[in-house]
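Asker: sequence isn't available, so here's the structure alone:
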């Protein structure tokens, strides 16, 4: 691969900086993804009053993975079923958090 198609960037997520070597064509998408993750983390932190970034990142990962599964499902799940599944996952995460 040619050297010119690679780019070194630093992405900030959850008050940490992650250095990455990526293809130039991936930069905009990765920067948008990092911003989306940070926004989700702030929303989850406010909604659930959770301060541990590891717990927040896990909740964010579950939410994003759920969205991806829904988009990749061979047959589309109706919205009500998708919401029910995501809520069930959040209930499980909440139940595992220390009180």
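Answerer: The structure has been received and is ready for your questions. Predicted, not measured: the structure shown is a model, and the values here were computed from it.
Asker: how long is stretch 10-17 end to end?
Answerer: 6 Å (CA to CA, to the nearest Å).
Asker: list the helices and strands the helix or strand bottoming out on mean pLDDT in the chain packs on?
Answerer: Within the chain, confidence by mean pLDDT, DSSP states H and E is lowest for helix 79-96 among all helices and strands, at a mean of 80. Applying 3 or more CB pairs under 8 Å, 6 or more residues apart in numbering; DSSP states H and E, one finds that helix 79-96 makes contact with helix 53-72. No exception for glycine: its C-beta is placed from N, CA and C like everyone else's.
Asker: ok, and what's touching the helix it packs on?
Answerer: Surrounding helix 53-72, the residues in contact under the criterion CB atoms under 8 Å, 6 or more residues apart in numbering are 14-15, 37, 40-41, 44-45, 48, 50, 76-77, 82, 85-86, 89-90, 93, 97.
Asker: any weak-confidence spans in the protein?
Answerer: Residues of the chain meeting the criterion pLDDT under 70: 1-4, 74-77, 99.
Asker: quick check: buried residues in the lengthiest helix in it?
Answerer: Secondary structure of the chain read by DSSP state H shows that its longest helix is helix 27-48. Taking 16 or more other CB atoms under 10 Å as the neighbour-count basis, helix 27-48 is seen to contain the buried residues 34, 37-38, 40-41, 44-45.
Asker: equivalent analysis for stretch 51-67, please.
Answerer: Counting neighbours by 16+ other CB under 10 Å, stretch 51-67 gives 55-60, 63, 66 as buried.
Asker: likewise stretch 82-99?
Answerer: Counting neighbours by 16+ other CB under 10 Å, one finds that the buried residues in stretch 82-99 are 82, 86, 90, 93.
Asker: now it, how far from the chain's geometric center?
Answerer: Using CA atoms, centre = their mean, to the nearest Å, we find the averaged C-alpha position of stretch 82-99 to lie 16 Å away from the chain's own average C-alpha position.
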